[in-house]
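Got a sequence here, can you model it:
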Amino acid sequence: MDKVSTIILALSLIIIMLGMGLSLVFEDFKRIFIYPKAVIVGLVNQIILLPLIGFGLVSIFPLHPDIAIGIMILAACPGGPTSNLISHLAKGDLALSVSLTAISSFITILTIPFIVNFALLRFLDEGQMVQLNIVETIIQIFAIIVIPITIGMLVRKYKEPFAIRMAKPVRTASGIVIAIVILGILIKERDNIVSYFEQAGLVALSLNAATMFVGYFSAKIFKIKNKQAISISIESGIQNGTLAISISVVLLGSTAFSIAPAIYSLLMFFTGGIAIYFGSKRKKRSALKV
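Sure thing, here's the model as predicted:
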């Protein structure tokens with residue numbers, strides 16, 4: 001992508017993170033003390049199990065290195081605003097979902113550079129080697145995630161009516177921008193898109209489905225309530241594809257790495273739709289029993 005497109009992508013992520021901040025309140029971070037077991041299980045799924053499952057999948061599937069790296073970048077990312085929306089529609093615990101998204105967004109600032117560097121070293125040949133500067137990457141991710149979220153939260157705290165009014169237009173605008181960005185990536189990589197989609201489609205869907213499955217059943221193992229288990233499942237399986245695309249394009253300068261996150265960003269609505277269907281069905285059954 002050219003410099004202008006890269007800047008637009010970075011700005012779109014900043015807008016998305018600002019929109020997330022507008023929907024957050026500082027109490028969202030206190031829920032780790034209110035629901036410690038649910039939050040800890042959710043974070044273990046997101047921060048530890050997700051990258052391990054991602055690495056397992058890219059090791060099993062015969063993938064082009066660019067696709068493998070893209071999957072690992074995706075697996076390093078936290079949940080995004082989409083996971084909160086799907087959690088809400090699937091009748092999960094929205095408060096827990098929002099808290100997990102917020103907390104994991106801050107923690108992964110530190111973990112993303114190490115996971116991405118591991119993937120680059122593992123899958124690229126010596127002649128192709130690219131490596132992230134750890135400190136510089138942490139600062140860059142901090143700038144495009146933490147600062148916009150914090151600004152959004154401060155606006156919500158001191159100008160709540162304005163924040164509530166602006167939350168939906170900001171989400172809509174950011175959704176349109178990222179759709180245009182994904183289209184641009186697919187056009188730029190059109191010569192490879194068929195082979196890339198054949199490889200990335202199945203492994204991206206497998207990552208999405210496997211992490212949602214593990215998230216739900218790990219919550220049930222620890223006897224966590226069903227509403228919270230649904231949110232943990234969705235937070236474990238619906239990742240911030242926009243951030244993964246931004247890391248690929250803005251920090252690593254590679255649209256090829258962004259193909260897997262772009263395809264994942266489309267497929268997650270399919271699995272998210274299934275979660276919404278079963279969540280709503282379960283809610284109706286519960287209501288009928290009362």
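
need the contact list for residue 66.
Going by Cβ atoms under 8 Å, 6 or more residues apart in numbering, residue 66 touches 196, 254, 256, 257, 259. Yep, even glycine has a C-beta here, placed from its N, CA and C like the rest.

and those as TSV, adding pLDDT, neighbour count and secondary structure?
Conversion of the contacts of residue 66 to TSV gives the following (pLDDT from 0 to 100; neighbours: other Cβ atoms under 10 Å; DSSP: H, G, I helix; E, B strand; the rest coil):
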residue	pLDDT	neighbour count	secondary structure
196	71	22	helix
254	82	17	coil
256	83	20	coil
257	89	29	coil
259	86	28	helix
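
what helices or strands is the strand or helix carrying residue 109 leaning on?
Element membership of residue 109 [criterion: DSSP states H and E] is helix 94-123. Secondary-structure packing of helix 94-123 (3 or more Cβ pairs under 8 Å, 6 or more residues apart in numbering; DSSP states H and E): helix 3-22, helix 31-34, helix 36-44, helix 50-60, helix 65-76, helix 81-89, helix 134-141, helix 226-237.

do you know which of these lies nearest residue 172?
helix 3-22 (9.2 Å; Cβ to Cβ).

what mean pLDDT would you report for that closest one?
Mean per-residue pLDDT for helix 3-22: 76.

next one: it to chain centre, how far?
15 Å (Cα atoms, centre = their mean, to the nearest Å).

who's in contact with that helix?
1, 80-81, 101-102, 105, 144-145, 148-156, 163-164, 166-167, 170-171, 173-174, 177-178, 181, 184, 242-243, 245-246, 249-250, 253.

what's the neighbour count on the residue nearest to residue 35 when sequence neighbours are not counted?
The shortest distance from residue 35 to any residue other than its chain neighbours is 6.1 Å, reached at residue 96 (Cβ to Cβ, 6 or more residues apart in numbering). Residue 96: 26 surrounding residues under other Cβ atoms under 10 Å.

Contacts only, for residue 96.
31, 35, 38, 39, 42, 228, 231, 232.

Next one: residue 184 from residue 249, what distance?
Using Cβ to Cβ, to the nearest Å, residue 184 is found at 10 Å from residue 249.

Pick out whichever of those two has more residues nearby.
Shown here are residue 184 and residue 249; by other Cβ under 10 Å, residue 249 has more neighbours (24 against 18).

what pLDDT does the more buried one get?
At residue 249, the pLDDT recorded in the model is 84.

helix, strand or coil for it?
helix (DSSP: H, G, I helix; E, B strand; the rest coil).

Would you check that it makes contact with residue 259?
No - in this structure, residue 249 is not within contact of residue 259 by Cβ atoms under 8 Å, at 10.7 Å.

Disregarding flanking residues, what is the spatial nearest neighbour of residue 203?
Nearest one to residue 203, counting by Cβ to Cβ, 6+ apart, is residue 61 at 4.8 Å.

how about low-confidence regions in the stretch 101-250 of the chain?
126-131, 174, 178, 185-186, 188-189, 192-193 (pLDDT under 70).
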